[in-house]
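Novice: please work out how this folds:
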Amino acid sequence: MAVILPATGSGDATPSVATWTTSAGPSGTHVQLIQTRPDPSSTGARLSSTSINSATSGDNALLTGVASQTIRIMGMMLVSTATQSWKFKSSTATDLMPTFQAAAGVPFSLPITGEPYFVTTTGDTLYILQSTSVQISGKLWYKQSS
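Specialist: Okay, the predicted model is just below:
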C-alpha cells in the first residue's frame, strides 16, 4: 500500500511516498514503513503552491493563466469563517466542479494523490466563485504546464 504525503518544510513542494510492507518471520509478521521522496530535480514531481485569502463575493482569481499552459489542481485545503457556497471556474465561464456548501470553520480538503482533481482550459485563470463576502483561507497545490 502506498500513500502520497504532502511536502513538509519551508519552500519544499516535493511530496513524499509512504509504503507499508509486511513479511512473515520466525517471531511473527512484521510491518515496515518506507518513506521516500522523488528526485527533487524531476520537474514532474514538483508542485507549486499558493495561499488562498479572500473575503469578497463573486469571482476571485486564485492563479493567473499562462498562454498555452493549463493549471492542474493537485491538492487543496480551505476553510471559511461562515457558511457559504463555492465553485471553481476556468476563467469566468467554465465550471470545473459543481457548487458545494462550505460550513463555518469546517476545513474542506483535497489530499495530494498524484492525479489532478480538475484542470483549467489552456491559458485560463483559475477562479473561485464565493456566494458571500466572507473570509476564506487556505492553501492550493498545483502544476502549471503545457
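
Novice: quick one, domains of this structure?
Specialist: The chain breaks down into these domains under automatic domain parsing: 2-36, 47-145.

Novice: most packed of the ones you listed?
Specialist: Highest mean neighbour count of the domains of the chain: domain 47-145, a mean of 16 (counted as mean count of other C-beta atoms under 10 Å). All C-beta spots, glycine's among them, are computed from the backbone N, C-alpha and C.

Novice: still on that earlier bit, what's the least confident stretch among the domains of the chain?
Specialist: Sorting the domains of the chain by mean pLDDT places domain 2-36 lowest, at a mean of 54.

Novice: can you show me the strands along the protein?
Specialist: 2-5, 16-25, 28-36, 48-54, 58-63, 70-80, 84-90, 94-95, 100-102, 108-110, 118-119, 126-130, 136-145 (DSSP state E).

Novice: tell me which residues are up against the last one.
Specialist: Going back to what we said before, that points to strand 136-145. By C-beta atoms under 8 Å, 6 or more residues apart in numbering, the residues outside strand 136-145 that reach it are 6, 13, 46-55, 62-63, 66, 69-81, 84, 86, 102, 107-108, 112, 116, 126, 128, 130.
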